[in-house]
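*Asks:* generate coordinates for the sequence data below:
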Amino acid sequence: MNFIETSEAPAPGGHYSQAVEHNGLIFISGILPITPAGEKLTDATFSEQTEQVLKNLDAILAAAGSERSNVLKVTVFITDMSAWGSVNQVYAQFFGDHKPARSVVPVLPLHYGLKIELEAVATR
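*Replies:* Model (predicted):
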């Protein structure tokens, strides 16, 4: 088991790793729209928050020796399903032709009043 950590994504806010790699699979913890410097994008639009979450995903994948084309499964937690169109547009642009399995889960407000959280499973 290998614990993944990078300063190119926000530091964990609790007792967990940014990601854990085991037997070639990478389990990426919930990623919030927080910059690597710790700025919480609470007032940003859904699109802007989604862009930051995906930038953080890229950084964690790179630290694990992987990339977005190796993402197998994504779970997106979103506080307002009416914003799904803008979130999905940013998501589709990010992944391009690659279409990992995905679940979208509507949730109550997230930490710090943020609007989106994403977790993923990837391979190396």
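
*Asks:* for Val107, which non-adjacent residue is closest in space?
*Replies:* Distances taken as Cβ to Cβ, 6 or more residues apart in numbering put Phe77 closest to Val107, at 4.8 Å, once the chain neighbours are dropped. Glycine gets a C-beta too; all of them are placed from N, C-alpha and C.

*Asks:* likewise Val20?
*Replies:* Per Cβ to Cβ, 6+ apart, closest to Val20 is Phe27, 5.0 Å.

*Asks:* could you do Ala59 as well?
*Replies:* Here the residue nearest Ala59, using Cβ to Cβ, 6+ apart, is Glu8, at 3.7 Å.

*Asks:* the one you found sits in which helix or strand?
*Replies:* Counting by DSSP states H and E, there is no helix or strand that carries Glu8.

*Asks:* now do the contacts for it.
*Replies:* 36, 59-60, 62-63 (Cβ atoms under 8 Å, 6 or more residues apart in numbering).

*Asks:* which secondary structure elements does the longest helix seen in the chain contact?
*Replies:* Longest helix in the chain, counting residues (DSSP state H): helix 46-63. For helix 46-63, the packing partners by 3 or more Cβ pairs under 8 Å, 6 or more residues apart in numbering; DSSP states H and E come out as strand 25-31, strand 71-78, helix 84-95, strand 116-123.

*Asks:* if anything else comes up later, I'll come back, but that's it for now.
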